[in-house]
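J.: Below are the sequence and a predicted model; questions follow.
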Amino acid sequence: MNIFIQRHISRVVLLIFSDSKLSDVLNRHPDFLDELALCLDRDMRVTPNWRHLAMQLNVYEDVIKKLDEEQSPTIRLFEYLEVTQPQLTIQQLSWAMRAIQRMDVLVLFREKGNNRSCF
């Protein structure tokens, strides 16, 4: 994906979700968390995953190690974030996804955001 498209997607995502809290979105739409897990649980060498996101969101390394033992570390990560960072917004999460270069997840946000009942 070229840089122009990436920037455009990022701007669209930020406009759609600016103040929605992550915890509110996940409570209303638990299926969204499953979709995020499908994207982020994969452990591939060249694609950043849930660990990179956790580091970007300042999750402690010992917590990351514990989450790695779970069946779906992404789901556990988001449960952890709901408790430890209850004010985390979709916009902040979008910035973190952009920082780890997960434009595919930003596209997922955009698709969900087009359905106004989601966010």
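T.: Thanks, I have the structure now.
J.: Quick check: mean pLDDT of the helix or strand hosting residue 25?
T.: Assigned by DSSP states H and E, residue 25 falls within helix 22-28. When pLDDT is averaged over helix 22-28, the result is 83.
J.: Dump that helix to CSV, keeping only the CA atoms.
T.: The C-alpha atoms that make up helix 22-28 are tabulated as CSV, following Å, rounded to 0.1, in the frame of the first residue of the first chain:
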residue,chain,number,x,y,z
LEU,A,22,-11.9,1.5,23.4
SER,A,23,-13.8,-0.1,26.4
ASP,A,24,-17.1,1.3,25.2
VAL,A,25,-16.6,0.0,21.7
LEU,A,26,-15.6,-3.5,22.9
ASN,A,27,-18.5,-3.7,25.3
ARG,A,28,-21.0,-2.9,22.6
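J.: Give me the residues contacting that helix.
T.: Helix 22-28 is contacted by residues 32-33, 78, 81-82, 85-86, 88-90, 92-93, 118-119 when judged by C-beta atoms under 8 Å, 6 or more residues apart in numbering. Every residue, glycine included, has its C-beta placed from N, CA and C.
J.: got a winner among the residues you listed for most neighbours?
T.: Neighbours were tallied for each of the contacts of helix 22-28 (criterion: other C-beta atoms under 10 Å), and the maximum of 26 neighbours falls on residue 93.
J.: State the distance from that one to residue 45.
T.: The spacing between residue 93 and residue 45, counted by C-beta to C-beta, to the nearest Å, is 24 Å.
J.: One more: residue 111?
T.: Between residue 111 and residue 45 the distance, using C-beta to C-beta, works out to 27 Å.
J.: More neighbours: these two, which one.
T.: More neighbours surround residue 111 than the other of residue 111 and residue 45, with 11 against 4 (other C-beta under 10 Å).
J.: host element of that one?
T.: Applying DSSP H and E as the criterion places residue 111 in helix 103-114.
J.: just checking, what packs against that helix?
T.: Judged by 3 or more C-beta pairs under 8 Å, 6 or more residues apart in numbering; DSSP states H and E, helix 103-114 is in contact with helix 3-17, helix 30-40, helix 90-99.
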